[in-house]
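In: Got a predicted structure plus its sequence, pasted below:
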Amino acid sequence: MESDRSTRLLTAQPMDTTAAQHQFTAYGLSHWAVLAVFAVGAALLVLTGRAHRHSPSERLISRTFGVVLLAIHLSALGYTMSSRDWGLLDTIPLHLSDLAGFVAAFALLTHTRWAYALTYYWCLTLSPQALFSPVLAGPDFPHHEFLAFWALHLLVVWAAIYLTWGVGLHPTWRDYRTAVAITACWAVFAIAFNSATGTNYGYLNRKPTTGSILDALGPWPWYVVAEVAIILAVWAALTWPWTLTARRGEDVGEKPN
């Protein structure tokens, strides 16, 4: 289900000659640098969240983070729509990776449970795919399109990490059911929209033209069924440890998170 505006952003406008001479290479120097920045940033956000947990400054930090994330995603959307190759149907923010940025920003701004649930499940399972297996056919560092691509992906994963291990919000089985229900509604809408417009949001109506992990899951519609089963199992695995910890806390008379 993972595809993103950032890939379209990179192809939205012609690449200059200088950038063309320095193409991004997966697991090249710049990619390893990004992964190092990701690890350091995640650790700092966890430490910052814990240091300010349950204090007025914690909400200020969360809201500032949310505003920054929202501004970057709106800027990316505006950049894509300003392209001379812009097409309305292809730039609607209907991919989960597009929606994840706006949902994560809302979760940071409000700490609403449904938004946190989607941020936790979407941003910790779908968005990290781009970190470790990026489909980035564009210029390398320090080109602004390289920076935009990684900013869009790093920030949403950081948001989930910060809210969970920093702020201290933890998923429950109710959050799991909420995320599954909302994601199912999105999938039904996306399939209907794709069928009516010829688009392929979420790769729910056909596989991407480039090679992907979906190739190992069989033909349509079986790869969609397999994908759903995998996601349900992975999300359950990401929920169970937290519910077990909460149950143990209740057993010893502690207040669960």
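Out: Now that the structure is in, tell me what you want to look at. Keep in mind that this is a model prediction, so the values were computed, not measured. Residues are numbered from 1 along each chain as shown.
In: Could I get the full set of helices for this protein?
Out: For the chain, the helices defined by DSSP state H cover 5-10, 17-20, 29-51, 56-81, 88-91, 96-110, 113-125, 128-132, 144-161, 173-197, 222-251.
In: In terms of mean pLDDT, which of these ranks lowest?
Out: Averaged per stretch, pLDDT over the helices of the chain is lowest on helix 17-20, reaching a mean of 43.
In: that older thread, quick one: which of the helices of the chain is nearest Val167?
Out: Of all the helices of the chain, the one in closest proximity to Val167, counting by CB to CB, is helix 29-51 (4.9 Å). The C-beta positions use only the backbone N, C-alpha and C, and glycine is treated the same way.
In: OK, contacts around Asp140?
Out: Taking CB atoms under 8 Å, 6 or more residues apart in numbering, we find Asp140 in contact with Ala19, His22, Gln23, Phe24, Thr25, Gly28, Ser30, Phe146.
In: Relative to Lys207, how far out is it?
Out: According to CB to CB, to the nearest Å, Asp140 and Lys207 sit 28 Å apart.
In: same thing with His144?
Out: Using CB to CB, one gets 31 Å for the distance from His144 to Lys207.
In: Between those two, point out the one with more neighbours.
Out: Counted by other CB atoms under 10 Å, His144 and Lys207 do not tie: Lys207 has more neighbours, with 16 against 11.
In: How about the more buried one, nearest residue that isn't a chain neighbour?
Out: Leu214 (5.0 Å; CB to CB, 6 or more residues apart in numbering).
In: And for Ala100?
Out: Trp122 (4.6 Å).
In: The one you found reaches Phe102, doesn't it?
Out: No. The pair Trp122 / Phe102 is not scored as a contact, 11.0 Å apart, by CB atoms under 8 Å.
In: higher neighbour count, the two?
Out: Using other CB under 10 Å as the criterion, Trp122 and Phe102 rank with Trp122 on top: 26 against 17.
In: Quick one: residues contacting the more buried one.
Out: Leu96, Leu99, Ala100, Val103, Val156, Ala179, Thr183.
In: And Trp173, how far from Thr239?
Out: Trp173 sits 6 Å away from Thr239, taking CB to CB as the criterion.
In: likewise Phe146?
Out: Distance from Phe146 to Thr239, by CB to CB: 35 Å.
In: List the contacts of stretch 41-49.
Out: Residues contacting stretch 41-49 (CB under 8 Å, 6+ apart): Glu58, Ile61, Leu154, Val157, Trp158, Ile161, Tyr162, Leu163, Trp165, Gly166, Val167, Gly168.
In: what's the answer for stretch 65-78, then?
Out: Contact partners of stretch 65-78, identified using CB under 8 Å, 6+ apart, comprise 5-6, 9, 91, 93, 98, 101-102, 104-109, 148, 151-152, 155-156, 159, 162.
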